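Novice: Got a predicted model here, sequence first, then my questions.
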Amino acid sequence: GMHQWYRVLLLSISCLLSWNVTASSLSKVQTLDGELSLNLSGIGIYKKHKKPIYLGALYQKSLEQTEASLFREKNAKRMDLRIIEDNLSAKRFARELAHHIRMNNDKEFIGVQEGNVANFLRSFQGKFKRGDQILIEYNPDEGTVFVLNGKVLGRVIDPRFFSVLLNAWIGPKPPTEKFKRGILGQSTDQEAIALQKEYSYLVQLL
């Protein structure tokens with residue numbers, strides 16, 4: 001279908017890019033437990049007041065590539081965030097994410113996950129520089145691990161925790177509609193090409 005075609009398009013674009021980062025090498029991120037091979041769902045850039053803050057690339061195990069498959073607990077998934085704004089305060093990053101978590105999850109669910117959310121947000125300290133990578137990866141056997149530039153910051157075992165974050169990014173009030181569309185693979189072809197280029201560029205910075 002459309003998503004399959006989109007992925008083929010992204011693969012062919014990335015082969016054309018002057019720097020040699022292909023979508024397939026991006027999808028095999030070294031994890032603590034070896035390699036999880038996941039499929040790119042889509043890429044989005046979060047902008048605030050027209051200023052790009054970070055890029056997100058969402059991956060999932062399922063070839064279905066639907067919102068429903070993203071929420072399934074048996075499916076491994078990963079959000080690869082790349083910081084665009086140099087000197088971004090980690091506190092501000094955490095505060096904005098906390099806001100999107102609150103806006104897109106029901107109160108009861110947040111209540112259950114409160115401790116996990118707090119531990120997750122507290123793990124980000126200091127300032128981020130342009131090109132920093134925040135990897136948030138869910139594996140059904142391990143729970144959710146969060147990693148900054150290859151260094152593990154923490155882990156949440158509860159399999160439902162990743163859904164709290166997913167809701168924040170693709171719920172009814174996402175960071176921006178464009179970011180949501182992007183990570184769900186619903187960008188226009190032209191947007192998709194530009195996003196893939198920016199992603200490859202940011203990957204090189206690390």
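Specialist: It's in.
Novice: and the residue nearest to the spatial centre of the chain, helix, strand or coil?
Specialist: Closest residue to the average C-alpha location of the chain: M79 at 2.4 Å, with Cα atoms, centre = their mean. Following DSSP: H, G, I helix; E, B strand; the rest coil, the label given to M79 is strand.
Novice: can I assume it is in contact with W169?
Specialist: Yes. Using Cβ atoms under 8 Å, M79 makes contact with W169 at a distance of 7.3 Å. To be clear about C-beta, it is placed using only N, CA and C from the backbone, and glycine gets the same treatment.
Novice: Overlap of the contact sets of these two?
Specialist: Common neighbours of M79 and W169 are listed as G56, L58, I183 (criterion: Cβ atoms under 8 Å, 6 or more residues apart in numbering).
Novice: Among those, name the ones in strands.
Specialist: Secondary structure assignment (DSSP state E) places G56, L58 from those within strands.
Novice: Tell me where the model's unsure across this structure.
Specialist: Counting by pLDDT under 70, the chain has low-confidence residues at 1-36.
Novice: any chance you could map the helices in it?
Specialist: 2-16, 23-27, 67-71, 90-104, 107-122, 161-170, 177-183, 189-205 (DSSP state H).
Novice: Q133: which of those helices is closest?
Specialist: Evaluated over those, closeness to Q133 peaks at helix 189-205, with 8.1 Å, by Cβ to Cβ.
Novice: For the closest one, what is the distance to the chain centroid?
Specialist: 14 Å (Cα atoms, centre = their mean, to the nearest Å).
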